Structure formats: C-alpha cells, structure tokens
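J.: This is the structure alone, sequence omitted:
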Ligand SMILES: *[C@@H]1O[C@H](CO)[C@@H](O)[C@H](O)[C@H]1NC(C)=O
Ligand SMILES: *[C@@H]1O[C@H](CO)[C@@H](O)[C@H](O)[C@H]1NC(C)=O
Ligand SMILES: *[C@@H]1O[C@H](CO)[C@@H](O)[C@H](O)[C@H]1NC(C)=O
Ligand SMILES: *[C@@H]1O[C@H](CO)[C@@H](O)[C@H](O)[C@H]1NC(C)=O
C-alpha cells in the first residue's frame, strides 16, 4: 500500500518536473495537459482549469500581493471610504472565474500584465478619492470607495419593469469596482453571475469578490451584441470594421473607454475624465515594471477623437 502510494506520488512529481523543464517559465504550476480536437488544454488547479489560456502564465505568476498593495497603497488609510474592504485575495478569487476565458492569460507576459494594468486602471480611476494635491498623487487613491456616497436617486428605470423589475425598497446606485448603476445593469450582471442582485444590490458593497467578479464580467463581455468587449478590444481579438476605422476606433486602451463609458468620456477631445483614466493606467504600468512606454501611441491610448459605439447612456461616470 504505502509503497504504491509513494510510487504514484513520485511519478506525478516527475511529470510536473518534466513540464517545468520543457516549458520553462510559461508552465509554472501546470498540473495536467489534455488535447481536445488538437487543442492543448492545461489545468493549473483552482486558478485556471481546462483551457488553452491556462497553458500560459496565470495572474498569480506575475501579479502578487505586494504589487496589489503598491497599486492601491492608500485604500486603507483612515480617510478612505472602504477601509478593510478590498484585498488581493478577493481580486484573484474573482479573476480565477475568467482566466480560463483569457482574462490576464492572453498573449505573452507583457500583454498579460498590460491587460491587468488596463483593467485595474479603470477600476482605480472609478473608485479613487484622490485629488490634485493628495499625498502620493491622485493616482495613489484607487479603491478608496466601494459605493456612491450621496446617490441622487434610486436608479430604477421603469422601462425594464418586465425584464429587470426593481425590488421594493432596493436602490441601484453606484457600487463596486467598475461601479454598477441602474436596475438593468444589476439585473444583467446578476443573471450572468447567478446572484440575485435585483433583490440584493447591496451584496456588491458587502462582498469584494463579488464586486470584482461583476467588474471583470463587464470587462469580458460586450455592452451590445456585435460589439467587442473591452477585453477583446484591448488584447487584439477584435478586428475593426470599415465603420470603426472611419470613426477612429482602433484596438487598444482608448476603445476600452469607448465601450465602457461611450460619450461620457469619448469623442470630446482631451477632457479630464478621459485623461484621469489614462493616467491611472500609465501609473500602474510603471508600478508593475512594464513601463508606460509600452502603452503605445496617443492614438491607441486615447478616445478623444473616437465616435462612441453607443449613444449616451444615463450612467454617471464616477462613484463619488
Ligand atoms: C500563450 O503565450 C504565447 C506567448 O508567450 C502566445 O503566443 C499565445 O498566444 C498565448 N496563448 C493564448 C491562448 O493566448
Ligand atoms: C508580446 O506580444 C505583443 C503583441 O502581440 C508584441 O507586440 C510584443 O512584441 C511581444 N513582446 C515580446 C517580449 O515578445
Ligand atoms: C462572496 O461572493 C462570492 C462570489 O459570488 C461567493 O462565493 C462568496 O460565498 C460570497 N461571500 C459571502 C460571505 O457571502
Ligand atoms: C456604417 O455606417 C453607416 C453610416 O453611419 C451606417 O448606415 C451603416 O449601417 C454602418 N454599417 C455597419 C455595419 O455598422
């Protein structure tokens, strides 16, 4: 008995060692490899399972606790508004749901790190309480909020009373890492994550893992059919149509802002709300050691001259 068991363990160890030697850096922690219709699928355990994307580095291979702490260094300072709420573990737990789909696992290490910087750049700018002269600079204050401070109303749109009916007493003000507003947005993301957010929108400000899951879901999915997701626009999966090209929408960070915020941010020239998001992205690229020079040209970074994909949505752009 004992002999057989240690024999098996030894064999497994050999297989893993072999993987490490064959693939070097790219395969750290690969537990198993399978082929399905000629495609290589890898298993890395809890973080990434049975997907071609799991054969590449996973997020914990290149983005660790100390880096999260660097990016969001002021979030637990006494003047912050969500002290103790956001942490690395919640982010990684949430990301694990989307890594097999390519979140942070697409392309080479530089592309992977850029996507995390881009996603978190959006998150940081939307949850920041930094201002011009704040300690550490305005970019150091990401994840300061987890919900809108003084909501002006309950964000219940009756147009969706059959698809996403508002629950009595529930308020759909901005909450989360990429703040969610309105019943129809809570309804859609709740449906996708199989959590009843229409009845319980408050879950988003009570559970950081759920808040990050909702934000990554938004990043990974298009707003409208036949449009790219922010993820696809960023990593280069999306091929612009003639119309897109004519309207200055090109793959890259600028188009992620177009997708997520439309004409609140884009097509209005060099405005502050847009520059604020870009500056968080660049700041994070520097902190992660990728360097802002990897961000590309201003044309790729900005959406100042882009025509928005979608006409104005009623969603406010900041959570404060
Ligand atoms: C995995 O990484 C390599 C480069 O390191 C890249 O060429 C490949 O596209 C990546 N795989 C996926 C599924 O993105
Ligand atoms: C990583 O991939 C990007 C996009 O495909 C490419 O432009 C870049 O040169 C690659 N970097 C390295 C170090 O291979
Ligand atoms: C928080 O949300 C996650 C993801 O939906 C869930 O797995 C977990 O149980 C929740 N935690 C609590 C305390 O409800
Ligand atoms: C391209 O733009 C024109 C003019 O705005 C519009 O009529 C047409 O439907 C668009 N085509 C696509 C495929 O979106």
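T.: Sure thing, it's come through. This is a predicted model, so every value here is computed, not measured. Residues are numbered from 1 along each chain as shown. Ligands and ions are numbered 1, 2, ... in the order given.
J.: Enumerate the residues of the chain near ligand 1.
T.: 26, 52-53, 56, 106-108 (CB under 6 Å from any ligand atom). No exception for glycine: its C-beta is placed from N, CA and C like everyone else's.
J.: go again using 8 Å as the cut-off
T.: Applying CB under 8 Å from any ligand atom, one finds that the chain approaches ligand 1 through 26, 52-53, 55-57, 102, 105-109, 111.
J.: Lowest-confidence one in these?
T.: Lowest pLDDT within those is found at residue 26 (52).
J.: what residue ranges in this structure are flagged as low confidence?
T.: Applying pLDDT under 70 to the chain flags the ranges 1-28, 133, 313-320.
J.: any idea how it splits into domains?
T.: 1-57, 63-320 (automatic domain parsing).
J.: re the thing from before, can the residues of the chain next to ligand 1 go into CSV with extra columns for secondary structure, neighbour count and distance to residue 173?
T.: Shown next, in CSV, are the residues of the chain next to ligand 1 (DSSP: H, G, I helix; E, B strand; the rest coil; neighbours: other CB atoms under 10 Å; distance: CB to CB, whole Å):
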residue, secondary structure, neighbour count, distance to residue 173
26, helix, 16, 43
52, helix, 15, 39
53, helix, 22, 35
55, helix, 20, 41
56, coil, 25, 38
57, coil, 22, 38
102, coil, 21, 31
105, coil, 27, 33
106, coil, 20, 33
107, coil, 15, 36
108, coil, 11, 40
109, helix, 14, 38
111, helix, 17, 35
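J.: which one of those is nearest ligand 2?
T.: Using CB to the nearest ligand atom, residue 108 comes nearest to ligand 2 of the residues of the chain next to ligand 1, at 3.7 Å.
J.: Next one: the closest one from ligand 3, what distance?
T.: Distance, residue 108 to ligand 3, using CB to the nearest ligand atom, to the nearest Å: 30 Å.
J.: Can you give me the distance of that residue to residue 56?
T.: Look at residue 108 and residue 56: by CB to CB, to the nearest Å, they are 8 Å apart.
J.: ditto for residue 234
T.: Taking CB to CB as the measure, residue 234 and residue 56 are separated by 16 Å.
J.: Quick check: which of the domains of the chain is buried the most?
T.: domain 63-320 (a mean of 19; mean count of other CB atoms under 10 Å).
J.: And ligand 2, is that domain touching that?
T.: Yes: applying CB under 8 Å from any ligand atom, one finds domain 63-320 touching ligand 2 at 107-111, 236.
J.: Take the residues you listed and lay them out in JSON lines including distance to residue 149.
T.: Formatted as JSON lines, the residues of domain 63-320 next to ligand 2 follow (distance: CB to CB, whole Å):
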{"residue": "107", "distance to residue 149": "38"}
{"residue": "108", "distance to residue 149": "40"}
{"residue": "109", "distance to residue 149": "38"}
{"residue": "110", "distance to residue 149": "37"}
{"residue": "111", "distance to residue 149": "36"}
{"residue": "236", "distance to residue 149": "37"}
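J.: List, one by one, the residues from the protein near ligand 3.
T.: Checking the chain against ligand 3 by CB under 8 Å from any ligand atom, the hits are 93-94, 193, 195, 203, 206-210, 213.
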